[in-house]
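1. my questions are about this predicted structure, shown below with the sequence.
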Amino acid sequence: MINFKDPQIRYLIDYANLKQGIIKYQNDFLNPSQLKEFIKNVHFGIPLVLPLDIKYFSYKNPKATFKLDKSFVLQKIFKIKKKNYIGLKIFFKFGNKFSYDVNLKKQYLKQFNYIIDFNERLKIKINNLKKNYYLSAFQTRNVPHYGHEKIIKKLIRKKGKVFINPLAGMKKKGDYRNEILKRIYENLILNKEYKNKLIYGPVIANMHYGGPREAIHHINLREKLGFHRFAIGRDHAGAENIYKPLDAYRLAKKKSKKYKIDIFFHKGSYFCEKCNKIILKDECKHNNLNEISGSKFRNDILAKKKFLYARISLQEYIHKLKTKLFY
């Protein structure tokens, strides 16, 4: 088992993902010239770099180091101006000096292998099922409301199954804990309409809160895991409302020729007062659309209030949980 509370664990997770071959355009932490190439190619996704003095690694070459400027990373990777953005804070949590050409210390081999084995079991399950089923992956950091269910149902097709496939890596404060997501989605899967159609199958990988570039990172990851299809929609992989709602959607769509995986693009879910049902944007031409807010759902959960656009049975289940919901 690995300790997700250790702030340095994200780099062991990144390293395991790199060595397992599930990061599409890199197989080791980047050096400066590779990083420059990565930044030029948006379809490569989020670049994975290693700060100095991370306990899991021995740094073989003292000269294999470089500095990164926060303004440069903000402009070239995150493409925003907010200097105290959570994604930037995570990127520079251990300073502005980075390294490459490292070895994993032997005492951490067990944790490294745990990550590899966990993700390998997921890959094997995917590869076994894809022989007979069309497999879609649904990325989530939140408990499901009817808007999420609308997207999931769109992903389900004849001879198809959907993996609820969250990233079970390091998360920011305020995100749902991994074990909470697991329990809640397993409760949802018990509903007869999802029988034999939904599978809860997380991957141990990190969130970077990189918005549009990270949406592409997520596509590349699901391609390497072996899925047939992945969903990209509104507000994908951002935080703090820093990106426009469709920034990730637009960039991912623009680069769609670069993927070897089908993408289900959508513009988010709403309740249409005229249709009197949950719809995905552009499914009807009405203007009476109520956004289904995940933030409001979260606040209602904390206040133990009824949220209009989520299953009552699921909300009751959440309210009965005797454990901490968020990081």
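-> Looks like it came in fine.
2. OK, contacts around the most centrally placed residue in the chain?
-> The chain has L167 as the residue nearest its centroid, 4.9 Å off, counting by CA atoms, centre = their mean. By CB atoms under 8 Å, 6 or more residues apart in numbering, the contact list for L167 reads 139, 141, 202-207. Any C-beta I mention is one placed from the backbone N, CA and C, and that applies to glycine too.
3. also K255?
-> Counting by CB under 8 Å, 6+ apart, K255 has contacts 42-43, 216.
4. what are the ranges of the helices in the chain?
-> If DSSP state H is used as the criterion, the helices of the chain fall at 9-20, 32-40, 70-73, 86-91, 109-129, 146-155, 178-189, 211-225, 247-254, 294-302, 312-320.
5. now what about the longest one, what contacts it?
-> In other words, helix 109-129. For helix 109-129, the surrounding residues in contact (CB under 8 Å, 6+ apart) are 1-3, 12-13, 15-17, 19-20, 22, 104, 135, 161, 163, 199, 201-205, 225-227.
6. ok, now the shortest one?
-> Around helix 70-73, the neighbours that count as contacts under CB under 8 Å, 6+ apart are 83, 88, 91-92, 96.
7. ok, 7 Å please
-> With contacts defined as CB atoms under 7 Å, 6 or more residues apart in numbering, helix 70-73 is touched by 83, 88, 91-92.
8. and which of those residues is nearest L52?
-> Checking the contacts of helix 70-73 against L52 by CB to CB gives F92 as the nearest, at 11.9 Å.
9. give me the neighbour count for that closest one.
-> Neighbours of F92 under the rule other CB atoms under 10 Å: 15.
10. could you do F94 as well?
-> For F94, the count of nearby residues is 17 (other CB under 10 Å).
11. can you give me the pLDDT of it?
-> Model confidence at F94, given as pLDDT, is 97.
12. over to D69?
-> With respect to pLDDT, D69 has a value of 96.
13. for it, what are phi and psi?
-> phi -90, psi 140 (degrees, to the nearest 10).
14. grab the nearest non-local neighbour of it.
-> N96 (7.2 Å; CB to CB, 6 or more residues apart in numbering).
15. could you check the distance from that neighbour over to H43?
-> Distance of N96 to H43, computed by CB to CB, to the nearest Å: 27 Å.
16. neighbour count for these two, which is higher?
-> Each of N96 and H43 has its neighbours counted (other CB under 10 Å); H43 has more, 19 against 14.
17. in this structure that one contacts I216, no?
-> Yes: using CB atoms under 7 Å, H43 is in contact with I216, at 5.9 Å.
18. would you turn the contacts of L167 into CSV with pLDDT, neighbour count and distance to I115?
-> Shown next, in CSV, are the contacts of L167 (pLDDT from 0 to 100; neighbours: other CB atoms under 10 Å; distance: CB to CB, whole Å):
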residue, pLDDT, neighbour count, distance to I115
Q139, 94, 22, 19
R141, 90, 17, 19
P202, 97, 20, 12
V203, 98, 22, 10
I204, 97, 24, 5
A205, 97, 26, 9
N206, 96, 21, 11
M207, 94, 24, 15
